[in-house]
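# got a predicted structure plus its sequence, pasted below:
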Amino acid sequence: MNIDRRQLALPVLAIGLLGLAPAFAASGDEEAVAKKVEAFRAAQVALDAEALDVLCAAELSYSHSDARVEDKATFIKNATSRKTKVLKLVYENPKIVVVGPAAIVRFHWMSDSEAIADGKKSSTNLHVLMNWQKIGGEWKLLSRAATKLG
């Protein structure tokens, strides 16, 4: 049996493209997670309880840099209490890694805020770790932990 190069080209090409398929899928998921992370940041700035509710899983565990841990309802209530005005909130250098139905997100949180009661301004400098899970085809924030920097 004689096999020429043209007969081998299609199977080799197909195998090569199949090997790239997971990379393309991951980049699509990474892009989807990046959009959810930005939507979450924007909802925090806007004090938007409805948006935060949609973005968070029912089982949310939200850990602050001072060791407080909140469930979903408590987090949303406190995040939208209007006790402070967010002047600036930046998620700097986000890194997203998708592993199956989970995504690990790390970034540098920098914010400036002002207390509504007395006008006192404060800045926050944190390293944040978020875990997102694909639930029913949608990425939802499952957990978040923060560590104070400098």
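That came through, no problem.

# in this structure, what helix or strand scores lowest on average pLDDT?
Of all helical and strand segments in the chain, the minimum by mean pLDDT, DSSP states H and E falls on helix 5-46, at a mean of 68.

# which residues are in contact with whatever helix or strand comes next after that helix?
Once helix 5-46 ends, the next helix or strand along the chain (criterion: DSSP states H and E) is helix 49-55. Contacts to helix 49-55, defined as CB atoms under 8 Å, 6 or more residues apart in numbering, come from residues 36, 39-40, 42-44, 72, 75-76, 79-80, 140-141. In short, each C-beta sits where N, CA and C put it, glycine included.

# buried set for helix 49-55?
51-52, 55 (16 or more other CB atoms under 10 Å).

# hmm, which of the contacts of helix 49-55 are the buried ones?
For the contacts of helix 49-55, a burial check counting by 16+ other CB under 10 Å picks out 36, 39-40, 43-44, 72, 75-76, 80, 140-141.

# nearest to residue 111, of those?
residue 44 (8.9 Å; CB to CB).

# doesn't residue 89 make contact with that closest one?
Yes. Assessed by CB atoms under 8 Å, residue 44 is found in contact with residue 89 at 6.1 Å.

# and the residue most central in space within the chain, how far from residue 121?
Geometric centre of the chain, nearest residue: residue 37, 3.7 Å, by CA atoms, centre = their mean. Distance from residue 37 to residue 121, counting by CB to CB, to the nearest Å: 26 Å.

# over to residue 81?
The value you get for residue 81 to residue 121, if CB to CB is used, is 18 Å.

# what do you get for residue 137?
For residue 137 relative to residue 121 (CB to CB), the value is 41 Å.

# quick one, which of those two is more surrounded?
Set residue 137 next to residue 121 and count neighbours by other CB atoms under 10 Å: residue 121 wins out with 12 against 6.

# what about residue 105, which SS state?
Following DSSP: H, G, I helix; E, B strand; the rest coil, we place residue 105 in the strand state.

# contacting residues around it?
Residue 105 neighbours (CB under 8 Å, 6+ apart): 33, 37, 94-96, 128-132.

# before we move on, what about residue 38?
Counting by CB under 8 Å, 6+ apart, residue 38 has contacts residue 91.

# for residue 84, give me the pLDDT.
At residue 84, the pLDDT value in this model is 88.
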